[in-house]
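>>> Predicted model, plus sequence, below.
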Amino acid sequence: MTVSKVNTAVLDIDMGNTRLKWRLSDIGEIVARGAHSWEGNKPLPSSLWDSLTLSPGRVRVASVAGAERIAQLSSLVLSLWSVSLELAESRLSHGDLRNAYEQPSVLGVDRWLAVLAAYQRDGGPCLIVDCGSAVTVDLLAERGRHIGGYILPGMSLMRRALFSDTDAVKVPVGDLPAGLAPGRCTEDAVFSGLALMVLGLVEQAGRKLNATGACRIYLTGGDAERLRSYFENLGELFYEPELVLDGLALALP
């Protein structure tokens, strides 16, 4: 008798407002990863996963990108592997972890999964900072008590707002200055100011957790690597670019 082999490969996808991040694992070992940035309203390219040597038996998804993007992804995945999407949702609780939102399902699923991953890793008070299209800061207290969070426009959104709504502050995309001293040119003044807005939010959030403001910080998101050096004086810093994907694996084991 022929016994069919169980397909143990799992594709995890974090679908945000500006890009899609993915990784493929098999029996807990990551075998491939990648990312794709959205180009306007263009659909996902059918060639996105042509390089994979394994076909996933499951596809788990965390999405804040809207129904149209989810439908595009679902159609592509179904055509490639005949697999349906498993969509993660924000919940009231997961084990000892409790969601602070009055309507738990309204909390962005990317935030919920990042908090879940940080709690599983840490267990103690910490901040979860996601620097993406928006900057989000979630506060996690003792015993898995999610206090809530804060949301700011992301670095790119804030820069574009200045660019489009002012005549004199036309700053193109550029590198962040090495330090955060007052800028001596418009570029440095803008980027230092934007970075200080984010750092100020994180510092005040830390004070909500304890009087000194120093705490563990889990940093993730597309701009996290650019900003990470500025966070080092605010507490014990953990740069975790795949925190949402880690939480996705916990939420949908």
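It's in. Residues are numbered from 1 along each chain as shown.

>>> can you map out the strands along the stretch 101-250 of the chain?
Secondary structure of the stretch 101-250 of the chain (DSSP state E, counting those that start in this stretch): strands at 126-131, 134-140, 146-153, 216-220, 237-239.

>>> Serialize those strands to CSV and add fields for distance to residue 120.
(C-beta placed from N, C-alpha, C; glycine too.) Output for those, formatted as CSV (distance: least, CB to CB, whole Å):
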stretch, distance to residue 120
strand 126-131, 12
strand 134-140, 11
strand 146-153, 13
strand 216-220, 11
strand 237-239, 13
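
>>> residues in contact with the residue nearest to the spatial centre of the chain?
Central residue of the chain (CA atoms, centre = their mean): residue 221, 4.5 Å from the mean position. Counting by CB atoms under 8 Å, 6 or more residues apart in numbering, residue 221 makes contact with 129, 130, 131, 132, 135, 154.

>>> rerun at 6 Å
The contact partners of residue 221, by CB atoms under 6 Å, 6 or more residues apart in numbering, come to 130, 131, 132.

>>> Out of the residues you listed, which comes closest to residue 36?
residue 132 (14.7 Å; CB to CB).

>>> ok, for the closest one, nearest residue in space, not its chain neighbours?
residue 221 (3.9 Å; CB to CB, 6 or more residues apart in numbering).

>>> From residue 68, how far out is the one you found?
23 Å (CB to CB, to the nearest Å).

>>> can you check residue 145 too?
In terms of CB to CB, residue 145 sits 36 Å off from residue 68.

>>> Now residue 76: closest residue in space, sequence neighbours ignored.
Closest to residue 76 by CB to CB, 6+ apart is residue 44, at 5.4 Å.

>>> give me the number of residues near that neighbour?
Burial measure for residue 44: 18 neighbouring residues, criterion other CB atoms under 10 Å.

>>> for it, phi and psi?
Dihedral pair for residue 44: phi -60, psi 140, per degrees, to the nearest 10.

>>> just how off-centre is the longest helix along the chain within its chain?
Counting by DSSP state H, the longest helix found in the chain is helix 186-209. Chain-centre distance of helix 186-209: 19 Å, with CA atoms, centre = their mean, to the nearest Å.

>>> helices or strands up against that helix?
Helix 186-209 sits against strand 134-140, with contacts defined as 3 or more CB pairs under 6 Å, 6 or more residues apart in numbering; DSSP states H and E.

>>> hmm, back to that, tell me the least confident of the contacts of residue 221?
Lowest pLDDT within these is found at residue 132 (88).

>>> per-domain residue ranges of this structure.
The chain breaks down into these structural domains: 9-87, 93-251 (assignment by automatic domain parsing).

>>> Off-centre distance for the shortest one?
So that's domain 9-87. 15 Å.

>>> re earlier: name the residues of the longest helix of the chain that are buried.
187-188, 190-192, 194-195, 198-199, 201-203, 205-206, 208-209 (16 or more other CB atoms under 10 Å).

>>> next SSE after the helix or strand residue 68 falls within?
Assigned by DSSP states H and E, residue 68 belongs to helix 67-81. Next in sequence after helix 67-81, counting helices and strands by DSSP H and E, comes strand 85-87.

>>> next helix or strand past that next one?
Downstream of strand 85-87, the next assigned helix or strand under DSSP H and E is strand 93-94.
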